[in-house]
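Student: Quick check, what structure comes out for this input:
(chains A, B and C)
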Amino acid sequence: MVCLSEFCARDVAVVAEALIGATLTLDGVGGRIVETEAYAADDAASHSFNGRTMRNAAMFGPAGHAYVYRIYGLHLCLNITCGNGSAVLIRAIEPVTSIDAMRRRRGLEKVELLCAGPGRLCQALGVTAAHNGLSLDAPPFALVVSGALEPVVAGPRIGIRRAAETPWRFCLAGSRFLSRPAPRA
DNA sequence: ACTACGATGAACT
DNA sequence: GTTCATCGTAGTA
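Tutor: Residues are numbered from 1 along each chain as shown, chains lettered A, B, ... in the order given. Have a look, this model is predicted:
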């Protein structure tokens, strides 16, 4: 496999789909990515749509880095940058490693819910605002993309008002770890 | 300075 | 299905 920055520096919808099945960890805590969304630069739903600002600066930095932002004043969301103002939101992970650490942060909870949602997975992995801009190809992060061709279903993105029909949410077909039911194929 | 509003999650009915 | 906590950011003045 080519290096991560090359993998990410492609069409953001292609990257979002290709990231399904990849393994993401932070300090060894993490698992398999099962749900993503693509946000392009020329995309009315994207934070980068109105140009570079203090908050979205990481989206305009190198591909393969973290873009972390706060939403609704309380939750954090983690994205993987794809260059030129585009990024992939990580919406759900299937917990694999250090599930005990996730439970310490999230409380005793069904494993299906530990990383089922962008805010939940940030809490479970221990993502903080200090991780904004860091490479996902170096500690404390590790991101290993899957060589296998995963069965993916696409549908509309969650929780946006503009460009609401664009089918840029990608889910691992049949996964029990999604933030919401997968769109019907 | 002021204001409106989120790429959400949890706790309700 | 509904409500609401909670605040940084960005747009406006």
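
Student: Close to DNA strand B: what parts of chain A are there?
Tutor: A:37, A:39, A:45-48, A:59, A:67, A:71-75, A:77, A:79, A:87, A:89, A:106, A:113, A:117-121, A:157-161, A:179 (Cβ under 7 Å from any atom of the strand). Glycine gets a C-beta too; all of them are placed from N, C-alpha and C.

Student: filter those residues by proximity to DNA strand C?
Tutor: Among those, DNA strand C is touched by A:47, A:72-74 when using Cβ under 7 Å from any atom of the strand.

Student: Tell me, how many residues neighbour A:Gly31?
Tutor: The burial count assigned to A:Gly31 is 24, neighbours taken as other Cβ atoms under 10 Å.

Student: Does it touch A:Thr23 like I think?
Tutor: Yes: taking Cβ atoms under 8 Å as the definition, A:Gly31 is a contact partner of A:Thr23 at 6.8 Å.

Student: Give me the common contacts of the two.
Tutor: A:Val96 (Cβ atoms under 8 Å, 6 or more residues apart in numbering).

Student: any idea which helix or strand carries the closest residue to A:Arg55 other than its chain neighbours?
Tutor: Nearest residue to A:Arg55, sequence neighbours excluded (Cβ to Cβ, 6 or more residues apart in numbering): A:Tyr69, at 5.9 Å. Element membership of A:Tyr69 [criterion: DSSP states H and E] is strand A:66-71.

Student: In the sheet, which strands lie alongside that strand, parallel or antiparallel?
Tutor: Sheet pairing here is set by DSSP bridges, and for strand A:66-71 it gives strand A:75-83 (antiparallel).

Student: List the contacts of the strand it pairs with.
Tutor: A:8-10, A:12, A:15, A:19, A:39, A:58-59, A:61-71, A:87-90, A:118-119, A:121-123, A:125, A:127-129, A:131, A:136, A:143.
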